[in-house]
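Asks: pasting the sequence and the predicted coordinates here, then a few questions.
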Amino acid sequence: MTAAGYRVAPARLDAAAAALGGRADTLAGSQTAVAGEKVPADAFGHVSESASASATFAKTMSELGEKLSEQVRRTRTIQSGLTGCSAGYRRLDAQVAAMYRALMPEDPLPRVGNPAGVGGSADTGAWAKTIASNRTQVSDALTAEREHLTHLTDAGEIARSKARIALYEDILANNRQILRFDPSGNGRIAELVGHIEPGTRNVGLFVPGVNTRLDNFGSYADLGRSLVAADPSGRTAMVVWADGVFPQSLVTEAPSPALANAMAPDLKAFTDELHGQIASHTDGNVMLTAIPHSYGASVFGSAEQLGLGVDRVVYVEGAGVGHGVWSPSDLPASQAGIQRYSMTAPGDPIDIAQGNLLARWGGFGHGADPDTFPGVTELETGRDASGHVLAGLPAHSDVLKPGSDSWTNIYRVLTGGEVTPKTVSSPWDNPLGVMP
């Protein structure tokens, strides 16, 4: 609490909700284990007290199971409440930001009733038809997922199903602009946040990494919304692209570039479409910035080798610049003019993958370290919104959170602002403790 009242940090609400979710999963596991405890009537031998002892044990386990089940229910209720509060505060923040944008004297982009660009109600182009078609697909998926949920018993599967349902409901309720959608397996999706229209100046393309699924897509979409809402001129749009099969294991899948190579052609084709939409709906004075995160950097790097075109790229905790790419000469000539930036928080274990020479000859790995790749400007990750230094494993995702120095650097690359280069080395930068 401050002198002016309470200050709410939605990110902390999300963190608390996630912690409660973990506790609920643990309790649910205990409840399942308790429910499975059975003692036969003759467990204590063929004596008259054996059956009585067995019945007493069963009664005790049943009562304990009921209490655990009630605690699981209460914990998930609180978790749901925290998640709802966080979403509400974020929506309010976006509304307040929109109000302030309207008051800004700095050449804001005029908002008209029927904007002609992508996402506007007057748009009848290819992407507008795709958005309308995908809305129907999402509605069908919502019906199917609600039915699927009724048959689930595993706590983890139930949580993932509920997260999908929440995503689908939010897409439909808020008319979100879905450009790609496939609910099968872990799911595939791409979303446009904001509008691509006359006057648009900046378009971002975010590519996530390991463990990306439909049930956790919301966090990446939130990043897109935060970047769009932060531009007081209203001239920035974001595309969040998760239209692929991403690794779900850090051990068996993430070290291999196989999935990145498989996604690369789709990302290249999608980016070509994006260029077409920019060309047809803007005056052409637009900068396209790729923002690949973690394994997403390898996906982007593989697509670059196919000639994917952007104006700028900022590798965020990137696994590498692409399998087989160890110098600029390993990329097509078309990639020579791209402005390149990179950031890796000190102590992030992704450092083990970056530029790993052992993978250079083994068919694994993701190419050169983005932080030291020739022509790259390394950026500061700094501190989070609470003033804590971003470091270690949590920083791998925390660098994407609004209010952090890292998020600010991402926004400034996206909008062509003044960035903060990395100027101070840290002992974290050498996880093996070997001094040069």
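Replies: Sure, I can see it.
Asks: just the mean pLDDT for stretch 348-356, thanks.
Replies: Stretch 348-356 carries an average pLDDT of 90.
Asks: residues touching that stretch, excluding its own?
Replies: 254-255, 294, 317-320, 344, 359, 365-372, 391-393, 395-396, 429, 431 (Cβ atoms under 8 Å, 6 or more residues apart in numbering). (Each C-beta comes from the backbone N, C-alpha and C, glycine too.)
Asks: 7 Å instead?
Replies: Residues outside stretch 348-356 that contact it (Cβ atoms under 7 Å, 6 or more residues apart in numbering) are 294, 317, 319-320, 344, 365-366, 368-372, 392-393, 395-396, 431.
Asks: buried subset of the residues you listed, written for ChimeraX?
Replies: Only the buried entries of these go into this ChimeraX selection, using 16 or more other Cβ atoms under 10 Å:
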select :294,317,319,320,344,365,366,368,369,370,371,395,396
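Asks: inside helices: which ones of the contacts of stretch 348-356?
Replies: 395-396 (DSSP state H).
Asks: just the ones of the contacts of stretch 348-356 in strands?
Replies: Using DSSP state E, no member of the contacts of stretch 348-356 falls in strands.
Asks: just the strands in the protein please.
Replies: Counting by DSSP E, the strands of the chain are 177-182, 188-193, 202-207, 236-242, 287-292, 312-316, 339-343, 376-378.
Asks: how about those in TSV, adding distance to residue 423?
Replies: TSV is the format used below for the strands of the chain (distance: least, Cβ to Cβ, whole Å):
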stretch	distance to residue 423
strand 177-182	39
strand 188-193	32
strand 202-207	25
strand 236-242	27
strand 287-292	22
strand 312-316	17
strand 339-343	13
strand 376-378	9
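Asks: export those strands to JSON lines and tack on mean pLDDT and mean neighbour count?
Replies: Putting the strands of the chain into JSON lines (pLDDT from 0 to 100; neighbours: other Cβ atoms under 10 Å) gives the following:
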{"stretch": "strand 177-182", "mean pLDDT": "97", "mean neighbour count": "20"}
{"stretch": "strand 188-193", "mean pLDDT": "98", "mean neighbour count": "24"}
{"stretch": "strand 202-207", "mean pLDDT": "98", "mean neighbour count": "26"}
{"stretch": "strand 236-242", "mean pLDDT": "98", "mean neighbour count": "26"}
{"stretch": "strand 287-292", "mean pLDDT": "97", "mean neighbour count": "25"}
{"stretch": "strand 312-316", "mean pLDDT": "97", "mean neighbour count": "28"}
{"stretch": "strand 339-343", "mean pLDDT": "96", "mean neighbour count": "22"}
{"stretch": "strand 376-378", "mean pLDDT": "95", "mean neighbour count": "18"}
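Asks: got any ranges where the stretch 301-436 of the chain has weak pLDDT?
Replies: Low-confidence segments of the stretch 301-436 of the chain, defined by pLDDT under 70: 358-362, 424-436.
Asks: so residue 148 touches residue 161, yeah?
Replies: Yes: judged on Cβ atoms under 7 Å, residue 148 makes contact with residue 161 at a distance of 6.1 Å.
Asks: settle it for me: which of the two has more neighbours?
Replies: residue 161 (19 against 15; other Cβ atoms under 10 Å).
Asks: do I have it right that the more buried one meets residue 152?
Replies: Yes: using Cβ under 7 Å, residue 161 is in contact with residue 152, at 5.9 Å.
Asks: mind listing the helices for this structure?
Replies: Using DSSP H, helices in the chain cover 10-35, 48-103, 126-149, 155-173, 217-229, 258-281, 296-304, 395-398, 405-415.
Asks: any idea which of those helices gets closest to residue 377?
Replies: helix 405-415 (9.0 Å; Cβ to Cβ).
Asks: now the angle between strand 339-343 and the closest one, please.
Replies: 170 degrees (axes from the mean of the first three to the mean of the last three Cα atoms, to 10 degrees).
Asks: ok now helix 405-415, how far from the chain's centre?
Replies: Its chain's C-alpha centre and that of helix 405-415 lie 16 Å apart, by Cα atoms, centre = their mean, to the nearest Å.
Asks: can you put the helices of the chain in JSON lines and add distance to residue 338?
Replies: Listed next are these as JSON lines, based on distance: least, Cβ to Cβ, whole Å:
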{"stretch": "helix 10-35", "distance to residue 338": "31"}
{"stretch": "helix 48-103", "distance to residue 338": "30"}
{"stretch": "helix 126-149", "distance to residue 338": "25"}
{"stretch": "helix 155-173", "distance to residue 338": "32"}
{"stretch": "helix 217-229", "distance to residue 338": "20"}
{"stretch": "helix 258-281", "distance to residue 338": "13"}
{"stretch": "helix 296-304", "distance to residue 338": "8"}
{"stretch": "helix 395-398", "distance to residue 338": "24"}
{"stretch": "helix 405-415", "distance to residue 338": "12"}
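Asks: out of those, nearest to residue 312?
Replies: Nearest to residue 312, of the helices of the chain and by Cβ to Cβ, is helix 405-415 at 6.0 Å.
Asks: got the CA positions of that closest one in PDB?
Replies: Only the C-alpha atoms of helix 405-415 are listed here, as PDB (Å, rounded to 0.1, in the frame of the first residue of the first chain):
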ATOM      1  CA  ASP A 405      13.900  -2.900 -17.900                       C
ATOM      2  CA  SER A 406      14.000  -5.800 -20.400                       C
ATOM      3  CA  TRP A 407      10.400  -5.200 -21.500                       C
ATOM      4  CA  THR A 408      11.300  -1.500 -22.000                       C
ATOM      5  CA  ASN A 409      14.200  -2.400 -24.200                       C
ATOM      6  CA  ILE A 410      12.000  -4.800 -26.200                       C
ATOM      7  CA  TYR A 411       9.400  -2.000 -26.700                       C
ATOM      8  CA  ARG A 412      12.100   0.500 -27.700                       C
ATOM      9  CA  VAL A 413      13.500  -1.900 -30.300                       C
ATOM     10  CA  LEU A 414       9.900  -2.400 -31.600                       C
ATOM     11  CA  THR A 415       9.200   1.300 -31.800                       C
END
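Asks: show me what that helix is packed up against.
Replies: Packed against helix 405-415, as judged by 3 or more Cβ pairs under 7 Å, 6 or more residues apart in numbering; DSSP states H and E, are the following elements: strand 202-207, strand 287-292, strand 312-316, strand 339-343.
Asks: as a markdown table, those with distance to residue 171 would be great.
Replies: Converted to a markdown table, the helices and strands packed on helix 405-415 look like this (distance: least, Cβ to Cβ, whole Å):
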| stretch | distance to residue 171 |
| --- | --- |
| strand 202-207 | 17 |
| strand 287-292 | 22 |
| strand 312-316 | 25 |
| strand 339-343 | 30 |
